[in-house]
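Enquirer: Build me a model from this:
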Amino acid sequence: MPARHADVALTLYCLPYAGGNAATYRGWGALLGPRIECVALDLPGHGRLRATPALADWPALIDALLANLDPLPTRPFAFFGHSMGALVALELAHAIRERHGREPLWFGASACVAPRERELNDEHPSHWLACSTAEMVAELRRLGGTPDELLADAEFLDLALPALRADFHLCANQTRRARERSIRLGCPIWSFGGTDDSVSERNENLSAWRHETTGGFHQRMLEGGHFFVETAREQVIRDIAAALHAPAFATATHADEPAYPY
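Expert: Below you'll find the predicted structure:
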């Protein structure tokens, strides 16, 4: 039975990978526990918002997401983002801090190269918006997670590529924003990696997330490739639940109640 709204202690906002949508997080709420409300967000052009144009501009995207979150809940909140979703969550967290003076209680970055380890894209800033369909398909094949039959389906590509181009463009152009930012988050950051994911081949890709916070940092490796958020779904959820049920968070949310067990 879902928790009554009044019983919820914390809202966990979840952001999907490039080309993905909120359905990635379907069913997470039941596994996270009754005190955590899981709110999965769709970007314009994705999922429930697929009828709206995909956005390839960071300020416009963040404005759109904040409009969907208005008003913010008064209770504490946290973020989890997989791949591109971690970059979107980071930008959204900073925007909430700048505009509303509030910060997340916890931040999870999954299968995502940390901003400081991402290459600057000065020479070809619009590469993904202008590149060929063949190059887009090759990149999707490299990442995995998209069946070959879909990559060979012209109708599917016509529908999917506009949003994917926007997403890849955002990923390629987030680095400068992060490097120019002088203020870091103050919450703990957990960085999740897949043992068979190319992102994890350089440990610094994951460990450099520690530079995005003045709070604690924890790195967690899980079996699987880039989409371990789906193949190792239950373990990911257990880890998040353990982090959010830790005594420090229980004190911050409801000081008069004990922490949840792992």
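
Enquirer: Only C-alpha atoms from now on, for both contacts and neighbour counts.
Expert: Will do.

Enquirer: Name the SS class of the residue nearest in space to the middle of the chain, please.
Expert: Geometric centre of the chain, nearest residue: G81, 1.5 Å, by C-alpha atoms, centre = their mean. Following DSSP: H, G, I helix; E, B strand; the rest coil, G81 is assigned to strand.

Enquirer: quick check: longest helix of the protein.
Expert: With residue count as the measure and DSSP state H as the assignment, the chain has helix 154-172 as its longest helix.

Enquirer: so who does the residue nearest to the centre of the chain touch?
Expert: Neighbour list for G81: C14, L15, P16, Y17, L87, V88, A89, G108, A109, S110 [criterion: C-alpha atoms under 8 Å, 6 or more residues apart in numbering].

Enquirer: cutoff 7 Å now
Expert: By C-alpha atoms under 7 Å, 6 or more residues apart in numbering, G81 lies in contact with C14, L15, P16, A89, G108, A109, S110.

Enquirer: again with L185
Expert: Shown in contact with L185 (C-alpha under 7 Å, 6+ apart): E212, T213, T214.

Enquirer: so how far is R202 from R118?
Expert: According to C-alpha to C-alpha, to the nearest Å, R118 stands 12 Å off from R202.

Enquirer: which one of the two has more residues nearby?
Expert: Using other C-alpha atoms under 10 Å as the criterion, R118 and R202 rank with R118 on top: 18 against 11.

Enquirer: roughly how far apart are the residue lying closest to the more buried one once chain neighbours are set aside and E91?
Expert: Distances taken as C-alpha to C-alpha, 6 or more residues apart in numbering put T175 closest to R118, at 6.1 Å, once the chain neighbours are dropped. T175 is 11 Å from E91, where distance means C-alpha to C-alpha.
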